[in-house]
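A.B. asks: Sequence isn't available, so here's the structure alone:
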């Protein structure tokens, strides 16, 4: 039997995408699954399905801040709420699309989310994104340039439209086959299913 | 040191309140905490803070249905999505308030949520609620009558207003002191905090 694949739709603007990104590789390892990292654009998902960002409800926005701190302690991963929030992740997501296929995509995904959610860097800034790429041994200037070209724009758009078509309304969204799991907080359910531990 | 108390704001109309209700006593036992069950009215919480029910976003409503099935398998507890959904839980929540204080409140809370979320009963129906009470050895007719009187109406309203004032915007909402945890899916975080397992 082939190893199952977890498709991981992520957006660097989403803190719960970052949190999930710190856990997904270990989870996949425990259940013998592969991970396919798929950049998408959360803002367009919200537009398409009539959802809105959590902070649109003030009480929810206040709670979100505390909730993220707790998750970072729960996982033991760094998280500093960025001064610039929300951020426009369009360029970052396009650069991530440009870095695909192959292992560069996930590497860059992790680096971009860490840069924004742990290190407070401005991921709207092309120079910062280019330096992140360079730091991973990827051609920063070339990826920034590719990010502005139509095939890469189309890939990001296609990923986003596909996620919406398959039922996504937020981020992160995971798919195992056509079973969707929404949110960092659904990782335990996804793991239980992949491990065959769910009651019939 | 006194045992910590978990305040559990629940509404029988909320499926995640039901799921959390199946887990909270065992969780509290593991960490040596007491649970204070507090009926509130989710619809009024939504009104007060500008939130809306998840099913207001169609894609979210569709996912919610699948998500609930997975949680019921994850926990190994029965859940059948009710034919009549959403339901108006005003009377049920008032009856739960009438059953307080003492152990009757939590008993009735569990029974009402199980009746609606596992057994498909109509919890808007006063006769059904009265029978549920009778089945627990509580005076059904008396509690239904009390539910229509001002002190009980005031208690439900006060619980709801208090939850909103303390930051609630959905259900279930848990408080440990003034630290709020929103949702069945935050039980692991709450448990980790109460067990002293969160990183500094």
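C.D. replies: That came in fine, so what should we check first? Computed from a predicted structure; not experimentally measured.

A.B. asks: wait, does the lengthiest helix in chain A contact chain B?
C.D. replies: The longest helix of chain A (DSSP state H) is helix A:58-75. Yes: counting by Cβ under 8 Å from any Cβ of the partner chain, chain B has neighbours in helix A:58-75: A:58, A:59, A:60, A:62, A:63, A:66, A:67, A:70, A:71, A:73, A:74. From N, CA and C alone the C-beta is placed, and that goes for glycine too.

A.B. asks: and the residues you listed, which are buried?
C.D. replies: A:59, A:60, A:63, A:67, A:70, A:71, A:73, A:74 (16 or more other Cβ atoms under 10 Å in any protein chain shown).

A.B. asks: can you redo those residues as JSON lines with pLDDT?
C.D. replies: Formatted as JSON lines, these follow (pLDDT from 0 to 100):
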{"residue": "A:59", "pLDDT": "91"}
{"residue": "A:60", "pLDDT": "92"}
{"residue": "A:63", "pLDDT": "95"}
{"residue": "A:67", "pLDDT": "97"}
{"residue": "A:70", "pLDDT": "97"}
{"residue": "A:71", "pLDDT": "98"}
{"residue": "A:73", "pLDDT": "97"}
{"residue": "A:74", "pLDDT": "97"}
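
A.B. asks: nearest to residue B:153, of these?
C.D. replies: For these, the closest approach to residue B:153 (Cβ to Cβ) belongs to residue A:59, at 24.2 Å.

A.B. asks: thinking again about what came up before, residues making contact with the longest helix of chain A?
C.D. replies: Residues from elsewhere that reach helix A:58-75 (Cβ atoms under 8 Å, 6 or more residues apart in numbering or on different chains): A:15, A:19, A:22-23, A:54-55, A:78-79, A:81, A:184, B:49-51, B:164, B:167-170, B:179-180, B:182, B:186, B:188-189, B:192-193, B:198-200.

A.B. asks: What about the closest residue to residue A:195 other than its chain neighbours, how many residues nearby?
C.D. replies: Computed as Cβ to Cβ, 6 or more residues apart in numbering or on different chains, the closest residue to residue A:195 that is not its neighbour in sequence is residue A:31, at 5.1 Å. Other residues near residue A:31 come to 18 when the count uses other Cβ atoms under 10 Å in any protein chain shown.

A.B. asks: Tell me how far residue A:31 lies from residue B:159.
C.D. replies: As defined by Cβ to Cβ, to the nearest Å, residue A:31 lies at a distance of 42 Å from residue B:159.

A.B. asks: ok, now residue A:128?
C.D. replies: In terms of Cβ to Cβ, residue A:128 sits 48 Å off from residue B:159.

A.B. asks: Which one's more surrounded, the two?
C.D. replies: The neighbour comparison of residue A:128 against residue B:159 (other Cβ under 10 Å) goes to residue B:159, with 21 against 18.

A.B. asks: So the more buried one belongs to a helix, correct?
C.D. replies: Yes: counting by DSSP: H, G, I helix; E, B strand; the rest coil, residue B:159 is part of a helix.

A.B. asks: so what's it up against?
C.D. replies: Contacts of residue B:159 by Cβ under 8 Å, 6+ apart are B:9, B:38, B:39, B:40, B:97.

A.B. asks: For residue B:39, see how far away it is.
C.D. replies: For residue B:159, the distance to residue B:39 - Cβ to Cβ - is 6 Å.

A.B. asks: what residues do those two have in common as contacts?
C.D. replies: B:9, B:97.

A.B. asks: that older thread, hmm, residue A:192 and the residue nearest to residue A:195 touching each other?
C.D. replies: No: between residue A:31 and residue A:192 there is no contact under Cβ atoms under 8 Å: 9.2 Å.

A.B. asks: returning to what we had before: okay, and which of the contacts of residue B:159 map to strands?
C.D. replies: Taking DSSP state E, the ones among the contacts of residue B:159 that sit in strands are B:9, B:38, B:39.
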